[in-house]
Every structure is written in C-alpha cells, then in structure tokens.
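Trainee: need a structure here:
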Amino acid sequence: MYSEQNELFSFSLVILLAFLVVPCGTATLTNQVLVLRIDGPITSSTAELVAEVLQAAEIRRTHAVVIQLNTPGGLLSATIDIIDKIERSPVPVVTYVSPQGARAWSAGAFILVGSHVAAMAPYTIAGSSQPVSYSPVGGSQPINDTKTINALSLFIAERARLHARNETAARAFVEHNLNLNEEAALRYRVIEVVARSIDELLFKIDGMTVETAAGKVTLRTAGSSPIQYSVGLRLLLLHVISDPLIASIALLIGMYALIFGLSAPGHTAEVIGAFLLIIGLLGLGLSVNIGALLLIIVGAILMIGEAYAPTHGLLAGTGVFFVVVGSLLLIPFEASQWSISAGWYISFITVVLSAASVIGAFTIFMVYKVFRARMKRPVMGELVGEKVEVIDKLGPGIVGFVKYRGEYWRARSSENIEPGTEAEIVAKEGPILIVRARVAWREVFKV
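Mentor: Residues are numbered from 1 along each chain as shown. Next comes the predicted model:
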C-alpha cells in the first residue's frame, strides 16, 4: 500500500491527492440506480454518453445502470462500441425498452440482447436488425451481403448465448428482420422481465445473478432510488452534431465551402468550410478528442493569422470560437470522468475557463488596438503644421537636422534658417522634412 502511494507521489502529487479524495466523496452513494434515457438514433454521442454514465456508476458504486431505450436504430460502429463498454463494465447494465409504444429496432435490438438484463414495457417492440446502407442520393438500402449478414448474425447470437438467451431468435432479428412484442420476447427467452415502470423493474430483477466484468453479481435493487442521469453541455453539443442528417449536411456544405475557399481565397469560405467539415466528421464517428484538438489547432492558427493578415477581428473572433467549441468537446464537464472530488474538479474547470477568458480578452484587446491604429490619420497629415527646433543651419541645398517631439529628423529649407530657432513643417519627401522659418506674430505687426 505504502509503496504504491510512494510511486504515485513520485509521478504526480496532484494525481495522488485526487485519488485520495474519491473514497470520502462517493462512499455514501450505495443505494442508487442510475437511469440513462436514450430516445432517438444511436450515434457516436450515444456511445460517449454510455461510457460516461458507466464510469459515473462505477465511481458512485451504484447497484446497476438502467438504459431506458427507445430507438429506430443507428450507427453500427457506435452500437458495437456500446456493447463492448457494457461487457467491460463491472456494474450490471439493464436495458429497458420503455415507455409504452417504444421500440428497439436494429441497433436497439443489439443493445437489448447484449445487456446483462433485458426488459421491456408493455406494448413495445424489438427486432428488425438487418443492416442498411445510406447515401444522400439513393437513400437507405438493405444490405444483403452474405459476409456482413453472417458476421452480424453470429455477433448477436454470441451475445444471446453469453446471457443465456434465445440464439435462434437473435439470429432471426438480423437474417429475417424478426420483430417481437414484449410478450413474445419473454416467451421466447429474448428478455427476462416485463415491467410497467422502472420501480416495478427494479423490484422484479432484485435477486438476479448476472455475469459482469467483475465476476458474478447479485442484483439488490428492490427499494433502490432511481436517479435520472443528467447530460452535460459537452454531450448535449455532441448529440446535436451527431444527428445523421445534421452531420451529413455539415459534411457536404463544409467540403464544397472549403473547395470554393481554396480556389478563391478570401478567408470566409475556407474558414466556414473547415469548421463544418470537422463538425460533420465528428457527427459521423470521428474520435471526439481528435476532432476537438483539430478545432483548437485551427482556432489557434486563425488567431495567429489575424496578426499577419488583419481582417478587423474576423479571423481572431472565429479562432476564439473554434477554441471554445473545441474545449467544450475536449474537456469532460463531469467530475465522474476524473477520479477526484467534485470540489477539486470545479476549481479545475474554473481555472481552465478563466485562462480561456483571459486569452480571449487579450485577443479582443489586440484586435481593438489594431483597428484603432488603422483608423488613425496618416502620419503626413499629423506632421504638416507642426513646429520643430532647428539643430543645424538650413538653407538652399543644405540638409541638416531638426528636433521634432524628442526625435532627430533630417530636414531642408528653401530659405536660410539659423540653428536654435523654430521652424514649421510644410511637407515631407521620403525621410526628409521640408520646413520654413517660423515667424512670431509680434514681429509681423512690429512698428
């Protein structure tokens, strides 16, 4: 024990303190069940959400996680990712097709069969898992490729066998688009429970023994408090951009805008194109961390570009926007994502956001100063009419020095001007000032 702490201390004192805080912050949360509601297509953001809630459940030491599912299907890659996360979870996962009238089609049926406990509410449906392909031109088309069908059929059948469910029915979901309501699913051993509510579900599954990544676990859920898991800002943003329609449109517009911007440079089109292209790739399954880093890097390049190609703040403002969006996607705004106390995590987020605010304020200040400098009158306009102190004798063909606002300038005049007198600037030719003698009013009217 002490040797492990010493190793952690030598690596990072902050990490050690963070891990030491965890037990006192989560030990009391033992009689709860986290409820995650998934209502809509299965996307990459759904996989991120499942990963987050499973990690939160593990840290809070909850009895189980209930996925309240109602979906028409979704991305195959995200579905397999979700099932992998469920199989690696030490916390039992109960997939519950609910409320009444809900369906677990396609990807939903895979998740239902791949969970530790499968349950459905009355008047719900599961099945129709034949894969389909989608293209903007041809729409959705069923995939009849034997290689793909056999692979997915065996995949879902093995998950059914793992959880002692009906392998034949699981295969039929993929091979024949079989659909079952809750009564048929219970009769054919595709699910274990039919329940009208989450409270009834927790009562019925109490005492069941399931095999998790941590070994056999006996569920003790009767009387547990179901806690609805709230989605953070990061995942809300991911949910929006992961919508297949939004992601496809963003990718299409971004690609054409980038091509147009590169062929006719003007900053606006290529910047918008780059942003939409990254957003579209994120929505279609690009790693969130990679996409967020790309946004931050592009944002930094745009802010630097403002200094070399001033655009009255357009590049700088867009760069700040890119960095903010990238930071929101990169930083998990949930203390459970870090094995530390909520107080420490809030302090950490405050420092990060404060630093981002300072950088943004500095960028805005820099743009303001550049804008003011560009709005100033030309230097020539400021020089004409100003008085200078003559240092050297000036005259026709004679170039000497004058002193203007503490600085020495080369000057000449069409008339003789003695050193120590004052002269007036009338023009400027390159680096040389053209001056004339300055006459006092009292000498003009002297009698």
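
Trainee: Every contact and neighbour count from this point should use C-alpha atoms.
Mentor: Fine.

Trainee: Show me the shaky parts of the stretch 101-250 of the chain.
Mentor: Confidence mapping of the stretch 101-250 of the chain against pLDDT under 70 gives the ranges 133-140, 231-245, 247-248.

Trainee: Let's test this: mean pLDDT of stretch 42-53, rounded?
Mentor: Average pLDDT, stretch 42-53: 85.

Trainee: Begin at 5, not 1, for the rest of this chat.
Mentor: With 5 as the first residue, the last one maps to stretch 46-57.

Trainee: What are the buried residues along it?
Mentor: By neighbour count on 16 or more other Cα atoms under 10 Å, the buried set for stretch 46-57 is I46, T47, S48, S49, T50, A51, E52, L53, V54, A55, E56, V57.

Trainee: swap in stretch 389-408?
Mentor: With burial defined by 16+ other Cα under 10 Å, the residues of stretch 389-408 counted as buried are 391-399, 403-407.

Trainee: Same check on stretch 201-220?
Mentor: For stretch 201-220, the neighbour count (16+ other Cα under 10 Å) marks I202, L205, L206, K208, I209, V214, E215, T216 as buried.

Trainee: Narrow the residues you listed to those in helices?
Mentor: Among the buried residues of stretch 201-220, the residues falling in helices (DSSP state H) are I202, L205, L206, K208, I209.

Trainee: quick one: which of those is nearest to L437?
Mentor: Closest to L437 out of these is I202 (87.8 Å), distances taken as Cα to Cα.

Trainee: What separation is there between the closest one and L53?
Mentor: I202 is 20 Å from L53, where distance means Cα to Cα, to the nearest Å.

Trainee: again with A278
Mentor: For A278, the distance to L53 - Cα to Cα - is 26 Å.

Trainee: Skipping adjacent residues, who's closest to L387 in space?
Mentor: Spatial nearest neighbour of L387, chain neighbours left out: I429 (6.6 Å); criterion: Cα to Cα, 6 or more residues apart in numbering.

Trainee: So which elements touch the helix or strand hosting that neighbour?
Mentor: For I429, the host element (DSSP states H and E) is strand 426-433. Strand 426-433 sits against helix 383-387, strand 391-394, strand 436-441, with contacts defined as 3 or more Cα pairs under 8 Å, 6 or more residues apart in numbering; DSSP states H and E.

Trainee: swap the cut-off to 6 Å and go again
Mentor: Secondary-structure packing of strand 426-433 (3 or more Cα pairs under 6 Å, 6 or more residues apart in numbering; DSSP states H and E): strand 391-394, strand 436-441.

Trainee: What strands line up against that strand, and which way round?
Mentor: strand 391-394 (antiparallel), strand 436-441 (antiparallel) (DSSP bridges).

Trainee: contact partners of it?
Mentor: Contacts with strand 426-433, where a contact means Cα atoms under 6 Å, 6 or more residues apart in numbering, come from V388, G389, E390, K391, V392, E393, V394, I438, V439, R440, A441, R442.

Trainee: change it to 8 Å
Mentor: 384, 387-394, 421, 437-442 (Cα atoms under 8 Å, 6 or more residues apart in numbering).

Trainee: Can you pick out the most distant pair from the residues you listed?
Mentor: Largest separation among the contacts of strand 426-433 by Cα to Cα: M384 and I421, giving 22.4 Å.
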